[in-house]
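[1] Here is my input, please return the structure:
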Amino acid sequence: MTVESLTSVRELDGRLTCGVQVRLLWRPVDGRLWVAVVDTRTGETFRIRVHEDEQPLDVFNHPYAYAALRTLDADAREIEPERARPLSRPRLERAASATGR
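    Sure thing, here's the model as predicted:
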């Protein structure tokens, strides 16, 4: 993993509730948008990529509901959508402006 790949991710929104940290993340290099979830009490973590036809804030606000609809890759601890692809730039800009960042 390069230094650029570590620093090129922007957090668009985040929250910590009852020990569960949820973050909406965007990688401008390839347009990927995903939600990362960490349960600080149990140590469980997972990530969900946001589909083109999904509202990023819906996935951010309801990550467990979206996780239930996806299959879990136990090795990567990433929930892989069946049709993952980069989001369009206008859609990313709307997501960023909706979060105030």
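[2] Tell me, what's the model's pLDDT at residue 70?
    As predicted, residue 70 sits at a pLDDT of 78.
[3] now do the one 5 residues further on
    Model confidence at residue 75, expressed as pLDDT, equals 41.
[4] Likewise for residue 8?
    In this model, residue 8 is scored at 88, pLDDT.
[5] what's the burial count for the nearest residue to it once chain neighbours are set aside?
    Excluding its sequence neighbours, the residue lying closest to residue 8 (Cβ to Cβ, 6 or more residues apart in numbering) is residue 29, at 5.2 Å. Every residue, glycine included, has its C-beta placed from N, CA and C. Neighbourhood size, residue 29 [other Cβ atoms under 10 Å]: 11.
[6] got it, and residue 44?
    Residues near residue 44, counting by other Cβ under 10 Å, number 11.
[7] tell me the pLDDT at it?
    Looking at residue 44, its pLDDT stands at 91.
[8] Look up how far residue 51 lies from it.
    For residue 44, the distance to residue 51 (Cβ to Cβ, to the nearest Å) stands at 23 Å.
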